[in-house]
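**Q** Got a sequence here, can you build the structure:
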Amino acid sequence: MTGPGPTPAARPGGPAVVRVLDELVVSSLCVGPMENTAYLLTCRASGTQLLVDAADEADRLLALVRASGDGLATVVTTHRHRDHVGALAAVTAATGADLLVGSDDADAVVASTGVTPRRRLVHGDAVICGHVTLDVVALRGHTPGSVALAYREPGDAREPDAVAGRAHLFTGDSLFPGGPGRTTSRADFTQLMDDLEERVFARFDDRTLVHPGHGAGTVLGAERPRLGEWRARGW
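**A** Numbers count the residues shown, from 1 in each chain. Reported below is the predicted structural model:
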């Protein structure tokens with residue numbers, strides 16, 4: 001149990017950090033030499049599972065899947081970088097899970113992993129995990145097809161980790177504590193900042209929990225006052 005605040009960083013080689021919400025169990029696991037955080041979402045009503053980023057260490061990810069629910073139905077890849085897809089082929093082969101990935105990153109993911117996506121995601125799409133719906137938020141800039149997933153807790157939350165109506169964002173490498181993810185040009189940085197401001201900070205309130213692709217989480221309220229600073233520094 002993690003409490004209502006930001007999710008602490010899972011430790012390399014350590015056990016999953018588990019957050020129990022009313023509709024979902026969110027288990028985060030640190031994998032691979034880049035210390036990626038993979039998130040396993042388990043629908044409490046159905047046992048259906050969705051994995052955000054099959055990044056590395058397929059054996060540990062599969063062990064978490066087996067221990068946590070009734071079967072992995074979907075893998076969502078937040079973006080095409082190799083450290084986020086290292087275990088994708090092995091995990092989908094072992095589970096039969098469908099791959100979903102941002103449309104503009106899909107060809108690169110196929111080329112590097114050999115896994116063909118069932119869906120190429122665009123901004124505003126919905127992804128279903130059992131009885132739970134997550135919204136797709138395209139955050140272009142770190143890569144052209146980077147996507148985040150947004151989940152909002154129900155209004156009558158009861159679990160100790162839960163907060164009624166609070167949103168959760170699984171942001172890949174597009175947003176971290178302290179700023180946006182790395183970009184390779186000023187145009188890409190501007191695009192990412194535009195998307196973050198318009199699609200994240202303008203839409204979600206300060207309670208929103210950010211679950212990034214590496215390290216500890218944050219809340220939007222801690223990051224919002226620094227948007228102007230990020231713009232000015234250019235990274």
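**Q** Dump stretch 78-85 to PDB, restricted to CA.
**A** The C-alpha trace of stretch 78-85 is given here as PDB (Å, rounded to 0.1, in the frame of the first residue of the first chain):
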ATOM      1  CA  THR A  78       4.200   4.500 -24.600                       C
ATOM      2  CA  HIS A  79       6.800   5.100 -27.200                       C
ATOM      3  CA  ARG A  80       9.300   3.400 -29.600                       C
ATOM      4  CA  HIS A  81      12.600   3.700 -27.700                       C
ATOM      5  CA  ARG A  82      14.400   0.400 -27.200                       C
ATOM      6  CA  ASP A  83      14.500   0.600 -23.400                       C
ATOM      7  CA  HIS A  84      10.700   0.600 -23.400                       C
ATOM      8  CA  VAL A  85      10.200  -2.500 -25.700                       C
END
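**Q** Mind listing what's buried along that stretch?
**A** 78-81, 83-85 (16 or more other CB atoms under 10 Å). Every C-beta, even on glycine, is put in place using the N, C-alpha and C of the backbone.
**Q** Need the contact partners of that stretch.
**A** Residues from elsewhere that reach stretch 78-85 (CB atoms under 8 Å, 6 or more residues apart in numbering): 32, 34, 36, 52-56, 77, 101-102, 105, 108-109, 112-113, 142-143, 145-149, 170-174, 213.
**Q** now with 7 Å?
**A** With CB atoms under 7 Å, 6 or more residues apart in numbering as the test, stretch 78-85 has contacts from 32, 34, 36, 52-55, 77, 102, 105, 108-109, 112-113, 142-143, 145-148, 172-173, 213.
**Q** Three-state assignment for the one residue sitting closest to the centre of the chain, please.
**A** Among the residues of the chain, residue 170 comes closest to the average C-alpha position under CA atoms, centre = their mean, at 2.9 Å. Three-state assignment for residue 170 (DSSP: H, G, I helix; E, B strand; the rest coil): strand.
**Q** The nearest residue to it once chain neighbours are set aside and residue 72: what is the separation?
**A** Distances taken as CB to CB, 6 or more residues apart in numbering put residue 149 closest to residue 170, at 4.4 Å, once the chain neighbours are dropped. Applying CB to CB, to the nearest Å, the value for residue 149 to residue 72 is 15 Å.
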